[in-house]
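K.L.:
I would like the atomic coordinates for the input below:
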Amino acid sequence: MTGRTAPLWFVGPAVILMLVILIAPIVIAGGLSFTDYSLGNDSARWVGTKNYEKIASHSTYSKMLRSTAIYVLTVVPISVALGLGAALLINSLKFGRDLYKTIFFLPVMAALLAMAIVWEFALHPTIGMVNDTLAAGCGTFVQSVFGWGWLPFVNGAETWYGQACANNDFPLWLRDRDYAIWTICFIGIWQGFGFNMVLYLAGLTGIPRELMHAAEMDGARSAWERFRLVTWPMLGPTTVFVVTISSIRSFQVFDTVEALTLGGPSKTTYVMMYAIYEKAIKQNLMGMGASITIVFLVFVLFITLVQRYLVERKVHYA
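P.N.:
Predicted structure coming up:
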């Protein structure tokens, strides 16, 4: 082993593993996406861009893209904002930090499939505690709050909660196409913001206290001014990482959909990962599943590059 070839012996195994584990599957999926291959067939017929044309033209795949976009655009900003808020609140506590960290992080540690089953029982239209709790609030101050009756221009009796109380007809959270995707989004936020909180807590520990004292001496008296001038800019690298990871995790949502809605009702929760599973595994349409996989990878890569470009332009690295 000469001096020139020595680096190759160290880098070579990592490069080979990357090619075998990461690059090769993508290349194979890209090739299969132009065929009608199914498991068990000896050969595959070349269909060109027909699979991609179906994704662009069929209403089923349009609903898939819409459901995925709604989920990502809802879960990512809310879970990031809640994670930041929870981290700031916990970081300001003098007592009980570890307790609140554990409480907020529990949904992240719990098995997603098990939690999905719990949510299925909680959201059951007749025996679920969500609708039971809403029904118990009818005729009380809860109805005036959630019925928006305290707003001068809103008639509480005409809101969804007022009508539900009057008719004793509360939503079918997982079976109504008007509520299903938003219910899945709520569960995704509940599962994800604790992870973002931990990342932001790690970022907060890296902010020097001297900067806070200096900002206060320079006139930043309020907590909001110190957050705007010091904390938020110093959390720039953490925010880039949190937003990127949250977006990728949101694109990968599968367990909750598979356990609760199976992509329904009326394909309103038919997200991309579930579509890949349905086409490639359940229906054995490997070519179609591979084409959706390539579209999925392109979306993830595009979103990641765009948000890194937009966010890092204003990032302050200490």
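
K.L.:
what's whatever helix or strand residue 98 lives in in contact with?
P.N.:
Residue 98 belongs to helix 97-109 when assigned by DSSP states H and E. Contacts of helix 97-109 with the rest of the structure, by CB atoms under 8 Å, 6 or more residues apart in numbering, involve 86, 89-91, 93, 115, 190-195, 197-198, 201. Heads up, the C-betas are built off the backbone N, CA and C, glycines and all.

K.L.:
those, buried ones only, as a ChimeraX selection?
P.N.:
Command for ChimeraX that selects the buried part of the contacts of helix 97-109, burial taken from 16 or more other CB atoms under 10 Å:
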select :86,90,91,115,191,192,193,194,195,197,198,201
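
K.L.:
looking at the contacts of helix 97-109, which are in helices?
P.N.:
With helices taken from DSSP state H, the overlap with those comprises 86, 89-91, 115, 190-195, 197-198, 201.

K.L.:
could you dump those residues into a markdown table and include pLDDT and distance to residue 225?
P.N.:
Converted to a markdown table, the ones in helices among the contacts of helix 97-109 look like this (pLDDT from 0 to 100; distance: CB to CB, whole Å):
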| residue | pLDDT | distance to residue 225 |
| --- | --- | --- |
| 86 | 90 | 21 |
| 89 | 89 | 18 |
| 90 | 89 | 21 |
| 91 | 84 | 17 |
| 115 | 83 | 39 |
| 190 | 91 | 32 |
| 191 | 88 | 34 |
| 192 | 88 | 30 |
| 193 | 89 | 26 |
| 194 | 89 | 28 |
| 195 | 91 | 29 |
| 197 | 92 | 23 |
| 198 | 91 | 26 |
| 201 | 90 | 22 |
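
K.L.:
format these as TSV; extra columns: distance to residue 237.
P.N.:
Shown next, in TSV, are the ones in helices among the contacts of helix 97-109 (distance: CB to CB, whole Å):
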residue	distance to residue 237
86	19
89	22
90	20
91	17
115	31
190	26
191	24
192	20
193	19
194	20
195	17
197	17
198	16
201	14
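
K.L.:
tell me the two of the residues you listed that are most distant?
P.N.:
The span of the ones in helices among the contacts of helix 97-109, defined through CB to CB, is set by 91 and 115 at 26.6 Å.

K.L.:
mind listing the helices for the stretch 201-318 of the chain?
P.N.:
Ranges of helices within the stretch 201-318 of the chain are 209-217, 223-226, 232-234, 236-251, 255-260, 272-277, 286-312, based on DSSP state H, counting those that start in this stretch.

K.L.:
which of the ones in helices among the contacts of helix 97-109 sits closest to residue 302?
P.N.:
For the ones in helices among the contacts of helix 97-109, the minimum distance to residue 302 (CB to CB) is 21.0 Å, reached by residue 192.

K.L.:
run a quick neighbour tally on the closest residue to the closest one other than its chain neighbours.
P.N.:
Closest residue to residue 192 apart from its sequence neighbours, by CB to CB, 6 or more residues apart in numbering: residue 79 at 4.3 Å. The number of residues packed near residue 79 is 26, by other CB atoms under 10 Å.

K.L.:
below-threshold pLDDT in the stretch 101-250 of the chain: ranges please.
P.N.:
149, 218, 220 (pLDDT under 70).

K.L.:
what about 80?
P.N.:
108-113, 139, 141-160, 208-223, 226, 228-230 (pLDDT under 80).

K.L.:
before we move on, the earlier item: out of the helices of the stretch 201-318 of the chain, deepest packed?
P.N.:
helix 272-277 (a mean of 22; mean count of other CB atoms under 10 Å).

K.L.:
for it, give me every contacting residue.
P.N.:
Counting by CB under 8 Å, 6+ apart, 61, 64-65, 68, 251-254, 257-258, 262-263, 289, 292-293, 295-296, 299 sit against helix 272-277.

K.L.:
out of the contacts of helix 97-109, the closest to residue 303 would be?
P.N.:
Relative to residue 303, and with distances defined as CB to CB, the nearest of those is residue 192, at 15.9 Å.

K.L.:
quick check: that closest one touching residue 248?
P.N.:
No. Under the criterion of CB atoms under 8 Å, residue 192 is not in contact with residue 248, lying 11.3 Å apart.

K.L.:
which neighbours do those two have in common?
P.N.:
Shared contacts of residue 192 and residue 248, defined by CB under 8 Å, 6+ apart, are absent.

K.L.:
hmm, back to that, so which of the helices of the stretch 201-318 of the chain is nearest residue 120?
P.N.:
Going by CB to CB, the one of the helices of the stretch 201-318 of the chain nearest residue 120 is helix 255-260, 5.6 Å.
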